[in-house]
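*Asks:* Attaching a predicted model along with its sequence, questions to come.
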Amino acid sequence: MTQTSAPSQAGRLGELLLAAGAITPRQLEAALTEQLAHGGRLGEVLIRMGVADPRQVRAALCKQRDIEIVDPAELTPQPEALSALPPETASRHKLLPLAINNGSIQVVMADPFDRQAIDVVRLLTGRKVLRVYGDETALKEAIGKHYGSNVSRMIADLGDEQPAEALDDETNIAAQLQDMAREPTVVNLVDLIIHEAIEARASDIHIEPFEKALKAKYRIDGLLYEMSPPPKHLQQAIASRIKIMAGMNIAERFVPQDGHITFMTEKGKIDIRVATAPTVFGESIVLRILDKSAALFSLDELGLGEAQLNAYFNLLHSPHGIVLVTGPTGSGKSTTLYASLTHIYSPELKIITIEDPVEYQLEGVNQMPVNRKRGLGFADGLRAILRQDPDIVMVGEIRDRETADIAIRSALTGHMVFSTLHTNDACGAITRLTDMGVEPFLIASSLRAVLAQRLVRRICPHCKREATPSPAMLERLGHRRNGTTFFEGAGCRECRRTGYLGRVGIFELLRVTDSVRDGITRRESSVQISARLPAEHLSMAEDGYTKAAAGLTTLSEVFRVTQEA
């Protein structure tokens, strides 16, 4: 490239990005200044500065170099082109062979400037590579459509013709299971299942044994989706492989076990919690995926309304007392507590937590894991924490009276305490504590607030459209048709045809006023206490309705998660 050609090409790339609305003139000027000072290609500089999206830069470069841009969803590859490249190569390098003509092969690529991928295709096919560009998300779906997913392809190749393993229950069970789990086929299959779940944004993987089948399911945005079923004859081998990875006893198949896997991906280290439970037809296994890069939010990202958020901010800075976050398993309680501790963290404060287990590590916070095998439960751990002179204490969950008593007495002696409870609504937390045997006057004196929450699925922004909810649905949520515009997702490849992408919280913040405190000391029911709440109090269902009216979610989704509350 000559000295004079670089500026003209850079100028053209900048013009294309300006025309596409990807950058502003001021951003282009800043990027050109940065390029002049430190070198590098303009596109790389724009991406490094966080000014332009890599896909936008890639599309502009394709226009600049006359590389055709196509929609992978509309392509029909030639069978001989597909057979020219193995599926693993297509998946790894994000490309799809389209056609073979004489001495060339046409390939759609997520990155047409990936020299390594081009060289791999040329070496494997012995042909000249003709590049076209396709959006990465659509291309991944097209690869899965024409080749099948990595897991489904491998499962199809394995078949299910072999009988289930017959284990000797008397001797050498551990050795037999070890041999099964070390088979390369089993190792690769388990790795692929975990990789695909992470790629699909799954929070959990479920391996469920039945009489004639072994099922695999991914929980995505709170709901389970059934995937390609692994071969039944590999049931024992898959279970053993997962247990070896999680540091469990592979020979023990008749009692529940817990374990932990540290799994390395392109995004970095992923922590996975593993739990097994014996069933009639074998061990049911659940792998909880804890992606640290995606889990830590700030409080204003959780979905609290402005009034709720301001009130909660004030509560966080109380000098003492207890704040409870309630909801069922998987409702985001830990995320809210982590966001709360991150918000109030200061080097001047000593913050200690006790958790089962420690899901995410917080900078500057002392975190203690529960270890029941060594006799360390919540109550014992909390006693030890109080001898550490803390300012703020977080108890992962209040499960019994002993833990509740210690937590509440800690709040009464000058500590700020955060914890969680499993209840359907905010008022239910108060009656749950009294049911545990905690004296009402202690609850009334120490409890500052209860934040009840659920997670609802967000409408996919890529296929969002107007919707007309049924009058019955509106009536269930206490409303009538009033001209409000509601939305839904039509379903597209970005959201896996579900109409939803990601989740947002809906909340109910119960502040313990003098009237509520009086109801607690009188041992009133949750219904009676709810009647004492101020007029401006917002229930979870009402908060959900507000978010549906704002176009964040659907009314049916709000009803799904609040019908028990």
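*Replies:* All right, it came through fine.
*Asks:* Any idea how far apart the tips of stretch 365-375 sit?
*Replies:* 23 Å (Cα to Cα, to the nearest Å).
*Asks:* buried set for that stretch?
*Replies:* Residues V365, Q367, M368, V370 are the ones in stretch 365-375 that count as buried (16 or more other Cβ atoms under 10 Å). Placement of C-beta: from N, CA and C, glycine included.
*Asks:* Go through those and flag which are in strands.
*Replies:* Secondary structure defined by DSSP state E assigns Q367, M368 of the buried residues of stretch 365-375 to strands.
*Asks:* from the buried residues of stretch 365-375, which has minimum pLDDT?
*Replies:* The lowest pLDDT within the buried residues of stretch 365-375 belongs to V370, which sits at 87.
*Asks:* For it, give me the backbone phi and psi.
*Replies:* phi -70, psi 140 (degrees, to the nearest 10).
*Asks:* about what we covered before: which of the buried residues of stretch 365-375 lies at the shortest distance from D425?
*Replies:* V370 (26.9 Å; Cβ to Cβ).
*Asks:* could you measure the closest one against R182, distance?
*Replies:* Counting by Cβ to Cβ, to the nearest Å, the gap from V370 to R182 is 32 Å.
*Asks:* again, but for V190
*Replies:* Here the criterion is Cβ to Cβ. By it, V190 lies 12 Å from R182.
*Asks:* These two: which has the busier surroundings?
*Replies:* A direct count of neighbours by other Cβ atoms under 10 Å for V190 and R182 places V190 higher, at 25 against 13.
*Asks:* Let me know the helix or strand that the more buried one is in.
*Replies:* Per DSSP states H and E, V190 falls inside helix 184-199.
*Asks:* list the helices and strands that helix packs on?
*Replies:* helix 150-158, strand 202-209, strand 214-220, helix 235-245, strand 257-265, strand 282-290 (3 or more Cβ pairs under 8 Å, 6 or more residues apart in numbering; DSSP states H and E).
*Asks:* Quickly list what F486 is bridged to.
*Replies:* A467 (DSSP bridges).
*Asks:* roughly how far apart are it and L477?
*Replies:* For F486 relative to L477 (Cβ to Cβ), the value is 11 Å.
*Asks:* Between these two, which contacts overlap?
*Replies:* L555 (Cβ atoms under 8 Å, 6 or more residues apart in numbering).
*Asks:* Give me the buried positions along stretch 232-248.
*Replies:* 232-246, 248.
*Asks:* next one: stretch 119-132
*Replies:* V120, V121, T125, R127, V129, R131, V132.
*Asks:* what does stretch 399-416 give?
*Replies:* For stretch 399-416, by 16+ other Cβ under 10 Å, it's 399, 402-411, 415-416.
*Asks:* And stretch 33-51, by the same measure?
*Replies:* By neighbour count on 16+ other Cβ under 10 Å, the buried set for stretch 33-51 is E34, Q35, R41, L42, G43, V45, L46, I47, V51.
*Asks:* Which two among the residues you listed are spaced furthest apart?
*Replies:* R41 and V51 (13.8 Å).
*Asks:* sorry, back to before: overlap in contacts of V190 and R182?
*Replies:* By Cβ under 8 Å, 6+ apart, no residue touches both V190 and R182.
*Asks:* what's the closest non-adjacent residue to the residue positioned nearest the centre of the chain?
*Replies:* The centroid of the chain falls nearest to S203 when counting by Cα atoms, centre = their mean (5.0 Å). Residue nearest to S203 in three dimensions, not counting chain neighbours: R219, with 5.2 Å by Cβ to Cβ, 6 or more residues apart in numbering.
*Asks:* in the sheet, who's paired with that neighbour?
*Replies:* The partner residues for R219, given DSSP bridges, come to D204, L224.
*Asks:* how about the helices and strands packed on helix 184-199, which one is nearest G14?
*Replies:* Comparing the helices and strands packed on helix 184-199 by their distance to G14 (Cβ to Cβ), the top pick is strand 257-265, with 34.8 Å.
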